[in-house]
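Visitor: model this:
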Amino acid sequence: MNKLFFILVFMFSSSFCFSQSATSKYNSIYNRYEYFDSNGTMTGYKTYNSVSQQWEYYEIPKTNTQNRYNEVQQVDTDYMIKGLQYANAKSSRNYKRLENEINTLINTINDKAEDEEYRDLCHKNFKECVDEINSKKIDLSSDNMTNRAINYLYTCFNSSVDSAKKVMEDRKAKLEVKTPTELVKFYGGYNIVTIREYIYENEQYKLINTDTNTNSVIYFSGDVMLFQRGSNSAWKDRPLVFKTYDSEFKRFTFNSIYGTVIINLDFKSIIFYDDISGRNNGVIKAYEYVVGNYDKNIKPYK
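Guide: This is a model prediction of the structure:
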C-alpha cells in the first residue's frame, strides 16, 4: 500500500533532485523512524520487527523527474490495478500458508499430547504465539515476511510446548510418589483421641460433629486399616491400595472400595472418605481420626 501511495505521488508531481543531508523523525502512529531530504520529501523509513528482532530499513524509490511545471503526466491505471491484484493474490496465498502451518501445529498438539491437562496447557500457550503474530499485522504480500512469521511460529511453538512440560513436571514433583514403607514403623494398634465428622454440601466439607470421648481404636497393618468406633461396636476394615504421596502436605493417599483414605506422614491424622456412589443414601461424608498413643494390647477381632 505504501509503494502504491508513493507511485501516485511521483506521477502527479515534480521536484528538483539534488543531494542534501537527511533528517529523521519518529512517527508514533506507525511506530517507525522516517527519513526526509532537505525538501521535506520522505526518502525511507525503518521499523522494528519483533519477530526477527531487528530494525528493517525500507527505501522509497526515487523517480526521474524534470522541471516541468505545467505538464500533467498520464497515469497508467491498468498497470496499477494489475499490480494491486497481484499483491492481493500474493497476500491470500501467504495467508493460506500461515493458516496451514498453524493448523498443522494444532494437530500436532492434539495427536501427541495424550494427557488432557497437558494438551490444554499447550493450546493455551500456542494461542499466545498466534496472537503475537496477529498483533504485528505482518505484510503477507511479502514472501520474506511470511517466511519469518512461519519461522517465529515454530520457534514459539517449541517454546510453548517446553513451557507446558515444565509446568506439568513441577506439578508432578509436588505429588511425587514415595514408597509407603515409611509407614511400616506405625504398624499396630492405637487409641483415637478425637473423631470429627464432616458432610459434603455446596461443594465443600462442613463439620457436623466432634467426638472427644470416643472409646475408639484403630489397627494398621499396611494394606488394611481396621477401626472400632466405640468399645462395643464391631471391627470394620478398609483394604488400602497405595495411590500417591503429596510432598507439600506430607500425606499418603490410598484408594479403597469405600472411598479415599488419607494418612499423614507422622500418623497423627487419618481421614476416611465415604465418597463412593450409592453409600449412605447418596450422602458424602468424611471422618477424621486424630490418632493418640500406640497400644500393643489393641488387637482386632479379639
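Visitor: how about the strands in this protein?
Guide: Here the chain has its strands, by DSSP state E, at 23-27, 32-36, 42-49, 54-59, 188-201, 204-211, 216-220, 224-228, 236-239, 241-246, 251-255, 261-264, 269-274, 285-294.
Visitor: what comes into contact with the last one?
Guide: Strand 285-294 is contacted by residues 188-200, 205, 216, 218, 227, 267-275 when judged by C-beta atoms under 8 Å, 6 or more residues apart in numbering. (Each C-beta comes from the backbone N, C-alpha and C, glycine too.)
Visitor: what bits of the stretch 51-200 of the chain have low per-residue confidence?
Guide: 51-52, 62-89, 171-179 (pLDDT under 70).
Visitor: Could you check how many residues crowd around E132?
Guide: By other C-beta atoms under 10 Å, the residues close to E132 number 15.
Visitor: That one against S159, yeah?
Guide: No. With contact defined as C-beta atoms under 8 Å, E132 does not reach S159; the gap is 11.4 Å.
Visitor: are any of the contacts of strand 285-294 buried, and which?
Guide: By neighbour count, with 16 or more other C-beta atoms under 10 Å, the contacts of strand 285-294 hold 189-190, 192-196, 198-199, 205, 216, 218, 227, 267, 269-274 as buried.
Visitor: still on that earlier bit, can you add distance to E116 and give the strands of the chain back as a markdown table?
Guide: Converted to a markdown table, the strands of the chain look like this (distance: least, C-beta to C-beta, whole Å):
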| stretch | distance to E116 |
| --- | --- |
| strand 23-27 | 47 |
| strand 32-36 | 44 |
| strand 42-49 | 37 |
| strand 54-59 | 39 |
| strand 188-201 | 25 |
| strand 204-211 | 25 |
| strand 216-220 | 35 |
| strand 224-228 | 32 |
| strand 236-239 | 30 |
| strand 241-246 | 18 |
| strand 251-255 | 21 |
| strand 261-264 | 25 |
| strand 269-274 | 24 |
| strand 285-294 | 27 |
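Visitor: Would you mind finding the most buried of those strands?
Guide: strand 216-220 (a mean of 21; mean count of other C-beta atoms under 10 Å).
Visitor: average pLDDT for it?
Guide: Averaging pLDDT along strand 216-220 yields 95.
Visitor: Which strands or helices does it pack on?
Guide: Contacts defined by 3 or more C-beta pairs under 8 Å, 6 or more residues apart in numbering; DSSP states H and E place strand 216-220 against strand 188-201, strand 224-228, strand 285-294.
Visitor: Reformat these as CSV; add distance to R32.
Guide: CSV is the format used below for the helices and strands packed on strand 216-220 (distance: least, C-beta to C-beta, whole Å):
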stretch, distance to R32
strand 188-201, 61
strand 224-228, 71
strand 285-294, 64
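Visitor: looking at those, which is closest to R238?
Guide: Within these, the stretch nearest R238 is strand 224-228; the backing value is 4.9 Å (C-beta to C-beta).
Visitor: mind listing what that closest one pairs with, with the direction of each?
Guide: strand 216-220 (antiparallel), strand 236-239 (antiparallel) (DSSP bridges).
Visitor: For K124, give its distance to V130.
Guide: According to C-beta to C-beta, to the nearest Å, K124 stands 11 Å off from V130.
Visitor: More neighbours: these two, which one.
Guide: Set K124 next to V130 and count neighbours by other C-beta under 10 Å: V130 wins out with 16 against 12.
Visitor: Tell me who's in contact with the more buried one.
Guide: For V130, counting by C-beta under 8 Å, 6+ apart, the contacting residues are 102, 153.
Visitor: for H123, same thing?
Guide: By C-beta under 8 Å, 6+ apart, the residues touching H123 are 106, 109.
Visitor: Kindly recompute the last result at 7 Å.
Guide: If a contact means C-beta atoms under 7 Å, 6 or more residues apart in numbering, then H123 has I109 as its contacts.
Visitor: again with the one 10 residues further on
Guide: Residues near I133 by C-beta under 7 Å, 6+ apart: 149, 152-153.
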